[in-house]
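> return atomic coordinates for the entry below.
(one chain, ligands or ions: 1)
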Amino acid sequence: MAETIVLERRGRVAWITLNRPQALNALNEQVMLEVTATLLELDRDEAIGCSVLTGSAKAFAAGADIREMQPQSFAEMFGTDWIGGWDAMTRVRKPVIAAVAGYALGGGCEVAMMCDIVLAADTAKFGQPEIKLGVIPGMGATQRLTRLIGKSRAMELFLTGRMMDAAEAERLGLATRVVPAGELEAETMKLAEAIAAMPLQAVLMMKEAVNRSFETPLHEGLLFERRLFQSAFATEDRTEGMTAFVEKRAPVWKHR
Ligand code: CO8
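Have a look, this model is predicted:
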């Protein structure tokens, strides 16, 4: 039974809320284990097509748990590969949307970037304040944020630790879209439901192909995409989708 998150099934959408309000959803070891285990379990749940990860109105997550880190030595951090388990997010195959209101700082911003789409409330504040604690990001920001927004902009954020508001995050390409805080949940649900209603095998292939673009040279990525495209012809939903188009009717997806 998860203690640091709340999982709701809303039709084909899994809605996961980080739930450590007393610490602004700071990410400790337990949050990491519960979020990653839940998302990987939802991958095996045929009734779910898309997940949402969100926090509270005040904080998506205010970073890795500084109280958990504060007493630790190098040997303990290195020896336990502290917080390295977040890498499991890269094995989640179904889409995950981050719905961000309030603070998404440090590890919070990094977890949002591990998701596939980031929707931001106009109250969202993103940043990588690690420099102010005498460390650097450790859950991917130096790699993911740099790829997303470019070296000079990322460097300025890392080296000053300043926060950026939702409008800036959208302008730089970190957030897909900004919505009024009061509409974040409804807008996120609308998007998640639209994705969850899509033919699942094609959704999985899409996510795999896009993520491959970060890992491979262009010609390898293009070949990978083409092979996945061709494999889609083995799915029932491909047959249904194209037949429905030809017959001028709406497709009925089986997610197979
Ligand atoms: N960890 C633990 N507790 C936290 C954290 C955190 N990151 N953030 C907030 N809290 C706690 C506060 O201690 C406070 O608890 P209490 O009431 O018991 O004193 C409670 O949440 C509320 O916080 P504030 O009173 O500070 O709320 P404010 O509204 O005044 O301020 C801020 C909100 C600006 C978000 C402020 O809380 C803040 O600056 N928090 C820290 C932000 C930060 O530095 N985050 C980066 C952490 S480092 C990191 O994420 C590195 C990740 C990589 C690690 C990988 C290792 C391999």
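
> and for stretch 165-179, what are the contacting residues?
100, 112-113, 117-126, 145, 148-149, 153, 164, 187 (CB atoms under 8 Å, 6 or more residues apart in numbering). Quick note: C-beta positions are derived from backbone N, CA and C, even for glycine.

> go through those residues and flag which are in strands.
Counting by DSSP state E, the part of the contacts of stretch 165-179 found in strands is 100, 117, 118, 119, 120, 121, 125, 126, 164.

> what is the nearest of the residues you listed to the ligand?
residue 125 (8.1 Å; CB to the nearest ligand atom).

> tell me the bridge partners for that closest one.
residue 103, residue 165 (DSSP bridges).

> that one against residue 106, yeah?
No. If you go by CB atoms under 8 Å, residue 125 and residue 106 don't touch, sitting 11.8 Å apart.

> who's more crowded, those two?
residue 106 (27 against 22; other CB atoms under 10 Å).

> residue contacts, that one?
Contact partners of residue 106, counting by CB under 8 Å, 6+ apart, are 62, 63, 64, 127, 128, 129, 130, 137, 141.

> from residue 30, how far out is the third one?
The one in question is residue 64. Per CB to CB, to the nearest Å, residue 64 is found 12 Å from residue 30.

> ok, these two, which is more surrounded?
Legend: neighbour count by other CB under 10 Å for residue 64 and residue 30, higher for residue 64 (28 against 15).

> over to that one: give its phi and psi.
Note on residue 64: its backbone torsions stand at phi -60, psi 150 [degrees, to the nearest 10].

> what is it paired to in the beta sheet?
Beta bridges link residue 64 to residue 27 when assigned by DSSP bridges.
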